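Participant: Okay, here's the prediction I keep looking at, along with the sequence it came from:
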Amino acid sequence: MATTQDRVAVQMLVKAREDFQGMRKRMDNRIGRKADGKAQDIEERMFSTADVANFESVADAAKKQEKEIEKMLLKALKRFPIYTEWLSTVKGIGPISAGWIIGEYDIHIASTVSKMWQFTGLNPNKVRGKKRKENDDGSFEYTVTDTMIHGDKLSAGFVAPFNKRLRTALLGVMADGFIRAQNSYALDYYYPYKLRLENSEKETITSRGNKAEKEMMWSEVSKGHRDRAAKRYMLKMFLKDLYAKWREVEDLEVRVPYQEEYLGHKHEAA
């Protein structure tokens, strides 16, 4: 069975790969080169031929390091039964997405799927806000307040109530991968839910820039708004399955979502 050290190793490899990828993309952008090596449609950079060659060498070295880290990551992921027995079989999930999942979630702490939804920034309900104070020695002290804030939004003066990088990786990248792969989560949840919203009479609360929030019909909001809502629902259903599979693999208790256990109805995304 994989250890906490194995999980931390996955986390470090994912972040290291992200660092090299960021450096490579920034360098390519500065010299006007696309990821496929072709020139960008921009004004000519004012660099000498020799300097351009040096800059390209830096970007190429970063890309090579990305690939090496991906190989290391794949080996590390194979230590985890949840990867070999399930995640690796889900269309649209590659080693990077699996690395984010295994590196960031602690399934022993996630006693309910609701905790995973909250950690990912998929809980629109109110939660108690947390504040951070820096001590004289540079350390930080966290205090949970009585102020209620949105569980899926950033609130000024409060610590983010979710893992921002994880939400970006899953909602901003992996969700699109599910749709491109046309996997079961996209077909069973994303498309039907988006269609349902397009024809819904249900009201939703949405804000328009700096203006006050107002009630609107789901059918009246932007396509992008409905698209994001459908992606959130799709990810919630994926995390629900992941939670159950992962807890079973680790021989941990599996609890059904609160709505099903106590309220007697199936979950519906807000």
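Facilitator: Cool, the structure landed. Numbering: from 1, shown residues only.
Participant: residue ranges with poor pLDDT in the stretch 1-150 of the chain?
Facilitator: Within the stretch 1-150 of the chain, the segments meeting pLDDT under 70 span 35-46.
Participant: what are the ranges of the helices in it?
Facilitator: Applying DSSP state H, counting those that start in this stretch to the stretch 1-150 of the chain gives helices spanning 4-31, 49-77, 81-85, 95-104, 113-120.
Participant: wait, which of those is closest to residue 257?
Facilitator: Each of these was scored for nearness to residue 257 using Cβ to Cβ, and the closest is helix 113-120 (5.6 Å). For the C-beta atoms, the positions are set from N, CA and C on the backbone; glycine is no exception.
Participant: Would you indicate which residues of the closest one are buried?
Facilitator: For helix 113-120, a neighbour-count test (16 or more other Cβ atoms under 10 Å) marks 113-114, 116-120 as buried.
Participant: before we move on, what about stretch 5-12?
Facilitator: 6-7, 9-12.
Participant: and the helices of the stretch 1-150 of the chain as CSV, adding distance to residue 171?
Facilitator: Converted to CSV, the helices of the stretch 1-150 of the chain look like this (distance: least, Cβ to Cβ, whole Å):
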stretch, distance to residue 171
helix 4-31, 16
helix 49-77, 21
helix 81-85, 20
helix 95-104, 11
helix 113-120, 8
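Participant: Deepest-packed of the ones you listed, please.
Facilitator: Mean neighbours per residue, mean count of other Cβ atoms under 10 Å, is largest over the helices of the stretch 1-150 of the chain for helix 95-104, with a mean of 23.
Participant: Check the offset of that helix from the chain's centre.
Facilitator: In terms of Cα atoms, centre = their mean, to the nearest Å, the centre of helix 95-104 is found 10 Å from the chain centre.
Participant: so what does that helix touch, helix or strand wise?
Facilitator: helix 4-31, helix 49-77, helix 81-85, helix 164-169 (3 or more Cβ pairs under 8 Å, 6 or more residues apart in numbering; DSSP states H and E).
Participant: Which of these sits closest to residue 148?
Facilitator: Residue 148 sits nearest to helix 164-169 of all the helices and strands packed on helix 95-104, at 19.9 Å, using Cβ to Cβ.
Participant: So for the helix or strand just after that closest one, what gets flagged as buried?
Facilitator: Going down the chain from helix 164-169, the next helix or strand is helix 175-181, by DSSP states H and E. Residues of helix 175-181 classed as buried: 175, 177-179 (neighbour count, 16+ other Cβ under 10 Å).
Participant: Can you name the residues in contact with the helix or strand following helix 175-181?
Facilitator: Remark: after helix 175-181, the chain's next helix or strand is helix 184-185, criterion DSSP H and E. Contact partners of helix 184-185, identified using Cβ atoms under 8 Å, 6 or more residues apart in numbering, comprise 91-92, 178, 234, 237-238.
Participant: now helix 184-185, how far from the centre of its chain.
Facilitator: Going by Cα atoms, centre = their mean, the spacing between the C-alpha centre of helix 184-185 and its chain's C-alpha centre is 17 Å.
Participant: same deal with stretch 137-156?
Facilitator: 20 Å.
Participant: Over to stretch 149-167?
Facilitator: In terms of Cα atoms, centre = their mean, the centre of stretch 149-167 is set 13 Å apart from its chain centre.
Participant: got it, and stretch 180-190?
Facilitator: From the chain centre to the centre of stretch 180-190 is a distance of 17 Å (Cα atoms, centre = their mean).
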